[in-house]
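Q: let's see this in three dimensions:
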Amino acid sequence: MKANWIKRTIWVGAFLLLGVMGYGCGSSGGLDDVGGGIILSATPNVIAADGKSSSVISATITTTGGVPIAIGTQVTFNTTLGRFSNGSTTYSVTTGNTTGTLTVTLISGTTEGTAEVTCTAGGASQMIKVFIGNVGIATIQLTASPAVIAADGVSSSIITAVITDTLGEPALQGTPVNFTTTLGFFSNNSRGYDTVTNASGSAVATLFAGTSIGTAQVTVTAGNVRVVTFVEFTNDPTPQPGAVAQIALTANPLSIPADGMTSSIITATLTDRNGTPVAMGTPVTFSTNLGKFSNNSSTISANTSGVNGTAQVTLFAGTTPGTAKITATSGSVSSSIFIEFSSF
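A: Just a heads-up that it's a prediction; the model follows:
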């Protein structure tokens, strides 16, 4: 009888132990299980220090097994700058869905700086930064395509402005942009056009030619930055090259042995302010501080040939290793490239 009692006790104990183990294995998403990771995002990650701009902080939290944390798990957000929608720098919330994702809103104050927003759940935490400041417009890259159109009252050119802020990031979506022109008209049948940037920091306006021949000066303004480009209205829509505005240099190859006879071909491409190749026969002067050109001199003159605005010269290595600086000059514009003369 004593033996039966001992067997019964062991069986009950084993049953209880298995029950406890089974319960523990069946639970998921508890506080102790957070550890799979916290993924944070901030939209946008730059907001103005105006006391009202906001960024939505999204957190996706999973367990060590990659399973979303359980509904009702407490999650706490803290920020070093700004405040949450409850008016505090701390915001606690419990998950209410099966995806393990929840959001809070960070509202800026009037102090500039970087807010470090930390999300904590169980033993896991993650931090993301949101810049709070009066970010201004730094640059506007302006293009007109095409840069020459017929003065027929219907031809058009797409004016594109790519705007970046003082952080080097695309301007915030919705940034006001103003286009004006001295000739022709925009799609609103006016010489002024107001629009806003898209998600990539770009703004676009369509400029239509009038019937007057001339050069339209298109000005784009965003914030305190103003940039100008030009569109030609002509009876002949074929681009007419202007004065040299830019010289692009290439060298093939960029490294040659200093053997006194190996050479590299230097190509200069000359374009005007609209990116159109300059007229054939435009003079270019090349100079080098090392090696000699085909005329056995450190300087050589050439002219652009064909319709692509290019001029080529040949540079021969000397017998002294080093870095040759080759400069091409046309009018008041110059550009340089470097070629390595290596020992052998």
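Q: could you list which residues are in contact with the closest residue to residue 166 other than its chain neighbours?
A: Take residue 166 and drop its neighbours on the chain: the residue closest to it by C-beta to C-beta, 6 or more residues apart in numbering is residue 138, 4.7 Å away. Any C-beta I mention is one placed from the backbone N, CA and C, and that applies to glycine too. Under the criterion of C-beta atoms under 8 Å, 6 or more residues apart in numbering, the contact partners of residue 138 comprise 164, 165, 166, 168, 225.
Q: go again using 10 Å as the cut-off
A: By C-beta atoms under 10 Å, 6 or more residues apart in numbering, the contact list for residue 138 reads 163, 164, 165, 166, 167, 168, 169, 171, 222, 223, 224, 225.
Q: now the residues you listed as TSV including neighbour count and secondary structure?
A: Compiled in TSV, the contacts of residue 138 are given as follows (neighbours: other C-beta atoms under 10 Å; DSSP: H, G, I helix; E, B strand; the rest coil):
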residue	neighbour count	secondary structure
163	25	strand
164	17	strand
165	21	strand
166	13	coil
167	13	coil
168	8	coil
169	15	coil
171	29	coil
222	25	strand
223	17	coil
224	8	coil
225	15	strand
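Q: flag whichever of these scores worst on pLDDT.
A: When those are sorted by pLDDT, the bottom entry is residue 167 at 70.
Q: that one and residue 114, how far apart?
A: In this view, residue 167 and residue 114 are 11 Å apart by C-beta to C-beta, to the nearest Å.
Q: overlap of the contact sets of these two?
A: Common contacts of residue 167 and residue 114, defined by C-beta under 10 Å, 6+ apart, comprise 46, 131, 133.
Q: burial of the nearest residue to the second one once chain neighbours are set aside, as a residue count?
A: Read that as residue 131. Residue nearest to residue 131 in three dimensions, not counting chain neighbours: residue 46, with 4.7 Å by C-beta to C-beta, 6+ apart. Burial measure for residue 46: 18 neighbouring residues, criterion other C-beta atoms under 10 Å.
Q: thought residue 46 was touching residue 135?
A: Yes - A contact is recorded between residue 46 and residue 135 when judged using C-beta atoms under 10 Å, the distance being 5.8 Å.
Q: what do those two both touch?
A: Contact criterion C-beta under 10 Å, 6+ apart; residues shared by residue 46 and residue 135: 165, 167, 169, 171, 172.
Q: just give me the closest of those residues to residue 250.
A: Lowest distance from residue 250 to the shared contacts of residue 46 and residue 135 (C-beta to C-beta) belongs to residue 169, with 31.5 Å.
Q: so where's the stretch 151-300 of the chain uncertain?
A: By pLDDT under 70, the weakly predicted segments of the stretch 151-300 of the chain are 236-240.
Q: residue boundaries of the strands in it?
A: Chain-ordered strands for the stretch 151-300 of the chain, with DSSP state E, counting those that start in this stretch as the definition, fall at 156-165, 176-181, 185-186, 192-196, 202-208, 214-222, 225-234, 246-252, 255-257, 263-271, 283-288, 292-293, 299-303.
Q: next, the buried residues of the second one.
A: Within strand 176-181, the residues that count as buried by 16 or more other C-beta atoms under 10 Å are 177, 178, 179, 180, 181.
Q: contacting residues around the last one?
A: Spelled out, that is residue 181. Taking C-beta under 10 Å, 6+ apart as the test, what residue 181 contacts is 157, 159, 190-193, 205, 207-208, 210, 216-219, 231.
Q: same question for the third one.
A: For residue 179, the residues meeting the contact criterion (C-beta under 10 Å, 6+ apart) are 142, 159, 161, 186, 188, 190-195, 203-207, 218-221.
Q: which of these count as buried?
A: Neighbour-count burial (16+ other C-beta under 10 Å) is assigned, among the contacts of residue 179, to 142, 159, 161, 186, 191, 193, 195, 203-205, 207, 218, 220-221.
Q: redo the strands of the stretch 151-300 of the chain as a markdown table? Include distance to residue 81.
A: Output for these, formatted as a markdown table (distance: least, C-beta to C-beta, whole Å):
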| stretch | distance to residue 81 |
| --- | --- |
| strand 156-165 | 19 |
| strand 176-181 | 26 |
| strand 185-186 | 41 |
| strand 192-196 | 27 |
| strand 202-208 | 30 |
| strand 214-222 | 27 |
| strand 225-234 | 27 |
| strand 246-252 | 44 |
| strand 255-257 | 51 |
| strand 263-271 | 47 |
| strand 283-288 | 55 |
| strand 292-293 | 60 |
| strand 299-303 | 59 |
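Q: nearest to residue 80, out of those strands?
A: The closest of the strands of the stretch 151-300 of the chain to residue 80 is strand 156-165. By C-beta to C-beta, the value is 22.2 Å.
Q: what packs against the closest one?
A: The helices and strands touching strand 156-165, judged by 3 or more C-beta pairs under 10 Å, 6 or more residues apart in numbering; DSSP states H and E, are strand 137-145, strand 148-150, strand 176-181, strand 185-186, strand 202-208, strand 214-222, strand 225-234.
Q: could I get the full set of helices for the stretch 1-150 of the chain?
A: Listed from the start of the chain, the stretch 1-150 of the chain has helices (DSSP state H, counting those that start in this stretch) covering 2-26.
Q: residue 216: neighbour count?
A: Taking other C-beta under 10 Å as the neighbour definition, residue 216 ends up with a count of 24.
Q: then residue 252?
A: By other C-beta under 10 Å, neighbour count at residue 252 equals 10.
Q: for the closest residue to residue 318 other than its chain neighbours, what are phi and psi?
A: Spatially, and ignoring its direct neighbours in sequence, residue 318 is nearest to residue 291 (4.9 Å; C-beta to C-beta, 6+ apart). Summarising the backbone geometry of residue 291 under the convention degrees, to the nearest 10, its torsions are phi 80, psi -180.
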